[in-house]
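**Student:** dropping a prediction and its sequence here:
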Amino acid sequence: MRRINLREDSYSNSPHEGGYAGARPHALVIPYPGQSHITPMMQLSKQLAVRGFEITFVNSGHNHKQLLDSQSAAAVPLPHQLGLDIWLVGLPDDDLPSEYFNNYEHVNEVYSNANGYLFREKVVKVLEDNPTVTCIISHHYLSWGQEVADKFGIPNVVYWSVMATLYCLYMQFPLLLEKGYLPLKCKKETLSGIRVPLVPDLEGLVPRFSLTDLPDFFQIEDISDPHYEFINRQRESLRQAKWVLVNTFESLETEAMEALRARIPVYSVGPLLPSSLVGGHRFESLPDNRACSALWPEENQCLQWLDTQAPDSVIYISFGSFASLTDVQIQELAKGIEASQQPFLWAVRPNAIKSGTISKIEGIESFVTRTKGRGMLVSWVPQPLVLQHPSVGGFLSHCGWNSTMEGISMGVPVLGCPLIAEQNTNAWFVEHHWKAGLSIKEGKIEANEVEKKIRSLMEEEGGGEVRRKCSEWKDKAREALIQGGSSSTNLDAFVLEMHEVAAKRKPMRDQTRP
């Protein structure tokens, strides 16, 4: 199989090129092309490689090049340099403009939607060139993964990148339509207090909450909304999957996992973090515990700055790898952060501002001057290492699921400020169900509210109980990862089955050819 070397703009032979390798599992891992999706799937790949898998990790050409550049700049070793049999593959993007990869809708159009032929057909070519692949592990947004797996007669394993409870909501989607809750009978902006029904045989699985707490792609106003087909494609792919691996842990979503497991082959394998960071054992012998997946250079000097701060004093702020903020939202955040008088570390990725760069926003330069010494403004950080740092006492987050899991698993209280997708649902669960943080109403970023919520989260009077609950979740996350823990056991069972699949099968071929 040929692996693309984008640094040299040429093809190079794989060190594993050749015939069928016997009973050893070989997974083709296909992440959704965004930082917060690549990182946990790389962690999953590392867990599998430690257990004897060969991994071919497929990325868009754009993200592959960014990853190699950022890892090189930070002197972070690539997986195979750590002794792991993980090989990175970048597929040509056919000259797509770079801005495509910074826009959620554009990414879906090219990679996820029914017409996402660009990535799909190149994945087919990878499989044609390499008959040793035992299974595909595809992100649940890439519903065509099942079609490709069927084409070659191999199992498709779906990686479910969000909370298990959202999986239950996907199962309830037809009921929401049948009962007339969807499509919405009014504009999203006018919804208030409308309750969500529960599937009768899943009673108690999902706490009752309003339609406004459903993911925004559920809140369709017309049956012709593209999100309707988006949800249905994923539901069909999930129905056919051999396994579904979920980035959660049993004690966090006990009811959801039990209800789902009774009906479908679903297994919790999270938190997908370097397990040594939460007290696990799998990677403690590796020389570097970072994910080897950053798309932007990480400013590691922030860790030295955190060393100078008092324990639990710093509020860490990041809005993830996809969501963008307006100039006004940035200005309101800055005012609220400054007024809170709390030490802060604020990560603003290079493409996070809709109008351009943060330095050009009116008032930001003077904000940096006034808060010098108390705060640090950076572009990108090694987030798990930041959250693990003893100086960090709170996490102002967009509540993407990967960030939510990292915060909870590290025992850091979360201040949710959701923007897109299912982030509002995650924030609701963080505050109301898991008692692991507070939240700012979706899209309502105002200085007074930001100041008030930061103070509440960071001060003992308001945030003490949340902090105690977060400490409990940290312990439970660790228990899931240690030998005999739920996630470790589930992953071991998956590996055993994939070894059995590999032992039984012959070199694969395109099943659609005569």
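**Tutor:** Happy to help now that I have it. Numbering: from 1, shown residues only.

**Student:** and the pLDDT at G416?
**Tutor:** Looking at G416, its pLDDT stands at 98.

**Student:** now do the contacts for the closest residue to it other than its chain neighbours.
**Tutor:** Take G416 and drop its neighbours on the chain: the residue closest to it by CB to CB, 6 or more residues apart in numbering is A427, 3.1 Å away. In short, each C-beta sits where N, CA and C put it, glycine included. By CB atoms under 8 Å, 6 or more residues apart in numbering, the contact list for A427 reads 399, 416-418, 439, 442.

**Student:** surely A427 is in a strand?
**Tutor:** No - assessed with DSSP: H, G, I helix; E, B strand; the rest coil, A427 is helix; it does not lie in a strand.

**Student:** that older thread, top of the contacts of A427 by neighbour count?
**Tutor:** Greatest neighbour count in the contacts of A427, by other CB atoms under 10 Å, goes to C399: 33 neighbours.

**Student:** so it, which of the three states?
**Tutor:** coil.

**Student:** and L345, backbone torsions?
**Tutor:** The phi/psi pair for L345 (degrees, to the nearest 10) reads phi -120, psi 120.

**Student:** all helices for the stretch 51-200 of the chain, in order.
**Tutor:** Per DSSP state H, counting those that start in this stretch, the stretch 51-200 of the chain carries helices over the ranges 61-73, 104-107, 117-129, 145-152, 164-178.

**Student:** for the last one, name the packing helices and strands.
**Tutor:** With contacts defined as 3 or more CB pairs under 8 Å, 6 or more residues apart in numbering; DSSP states H and E, the secondary structure elements packing on helix 164-178 are helix 226-240, strand 243-246, helix 254-261, strand 266-268, helix 423-428.

**Student:** mind telling me which of the helices of the stretch 51-200 of the chain the model trusts least?
**Tutor:** Note on the helices of the stretch 51-200 of the chain: lowest mean pLDDT is at helix 104-107, with a mean of 64.

**Student:** on that earlier part again, export the helices of the stretch 51-200 of the chain to JSON lines and tack on mean neighbour count?
**Tutor:** Listed next are the helices of the stretch 51-200 of the chain as JSON lines, based on neighbours: other CB atoms under 10 Å:
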{"stretch": "helix 61-73", "mean neighbour count": "19"}
{"stretch": "helix 104-107", "mean neighbour count": "15"}
{"stretch": "helix 117-129", "mean neighbour count": "17"}
{"stretch": "helix 145-152", "mean neighbour count": "20"}
{"stretch": "helix 164-178", "mean neighbour count": "20"}
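
**Student:** wait, which of the ones you listed is closest to L306?
**Tutor:** With CB to CB as the measure, helix 61-73 is the member of the helices of the stretch 51-200 of the chain nearest L306 (20.8 Å).

**Student:** helix 117-129 and the closest one, what's the angle between them?
**Tutor:** Per axes from the mean of the first three to the mean of the last three CA atoms, to 10 degrees, the angle that helix 61-73 makes with helix 117-129 is 70 degrees.

**Student:** helices or strands up against helix 61-73?
**Tutor:** Using 3+ CB pairs under 8 Å, 6+ apart, helix 61-73 sits against strand 86-91.

**Student:** so which bits of the top helix by length along the chain are buried?
**Tutor:** Criterion DSSP state H: the longest helix present in the chain is helix 460-481. For helix 460-481, a neighbour-count test (16 or more other CB atoms under 10 Å) marks 463, 466-467, 469-470, 473-474, 476-481 as buried.

**Student:** for the next helix or strand after that helix, C-alpha coordinates in PDB please.
**Tutor:** Using DSSP states H and E, the next helix or strand after helix 460-481 towards the C-terminus is helix 486-504. Output in PDB follows, covering the C-alpha atoms of helix 486-504 (Å, rounded to 0.1, in the frame of the first residue of the first chain):
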ATOM      1  CA  SER A 486     -15.200  -1.200  32.300                       C
ATOM      2  CA  SER A 487     -13.600   0.600  29.400                       C
ATOM      3  CA  SER A 488     -10.400  -1.400  29.500                       C
ATOM      4  CA  THR A 489     -12.400  -4.600  29.600                       C
ATOM      5  CA  ASN A 490     -14.700  -3.600  26.800                       C
ATOM      6  CA  LEU A 491     -11.700  -2.700  24.600                       C
ATOM      7  CA  ASP A 492     -10.000  -6.000  25.400                       C
ATOM      8  CA  ALA A 493     -13.200  -7.800  24.300                       C
ATOM      9  CA  PHE A 494     -13.200  -5.900  21.100                       C
ATOM     10  CA  VAL A 495      -9.600  -6.700  20.400                       C
ATOM     11  CA  LEU A 496     -10.200 -10.400  21.100                       C
ATOM     12  CA  GLU A 497     -13.100 -10.500  18.600                       C
ATOM     13  CA  MET A 498     -11.000  -8.700  16.000                       C
ATOM     14  CA  HIS A 499      -8.200 -11.300  16.400                       C
ATOM     15  CA  GLU A 500     -10.800 -14.000  15.800                       C
ATOM     16  CA  VAL A 501     -12.000 -12.200  12.700                       C
ATOM     17  CA  ALA A 502      -8.500 -11.900  11.400                       C
ATOM     18  CA  ALA A 503      -7.700 -15.500  12.000                       C
ATOM     19  CA  LYS A 504     -10.800 -16.700  10.000                       C
END
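
**Student:** can we start the residue count at 37 from this point?
**Tutor:** Sure, I'll start numbering at 37, so the last one becomes helix 522-540.

**Student:** contacts made by helix 522-540 with the rest, please.
**Tutor:** Residues outside helix 522-540 that contact it (CB under 8 Å, 6+ apart): 58-63, 83-84, 87-89, 170-171, 191, 193, 279, 281, 285-287, 303-307, 316, 318, 515-518.

**Student:** run the last query once more with 6 Å
**Tutor:** Contact with helix 522-540 is made by 59, 61, 83, 87, 170-171, 285-286, 303-306, 516-517, as judged by CB atoms under 6 Å, 6 or more residues apart in numbering.

**Student:** rewinding a little: which one, of the helices and strands packed on helix 200-214, ends up nearest to R410?
**Tutor:** Ranking these by proximity to R410 (CB to CB) places helix 459-464 first, at 26.6 Å.

**Student:** which parts of that closest one are buried?
**Tutor:** 459-464.

**Student:** quick one: average pLDDT of that helix?
**Tutor:** Averaged over helix 459-464, pLDDT sits at 95.

**Student:** same check, this time on stretch 506-525
**Tutor:** The pLDDT scores in stretch 506-525 average 95.

**Student:** what's the end-to-end length of that stretch?
**Tutor:** Counting by CA to CA, to the nearest Å, you get 24 Å between the two ends of stretch 506-525.

**Student:** chain center to it: distance?
**Tutor:** 19 Å (CA atoms, centre = their mean, to the nearest Å).

**Student:** ok so, going back, farthest-apart pair in the buried residues of helix 459-464, please.
**Tutor:** So, those by CB to CB: farthest apart are Q459 and W464, at 9.8 Å.
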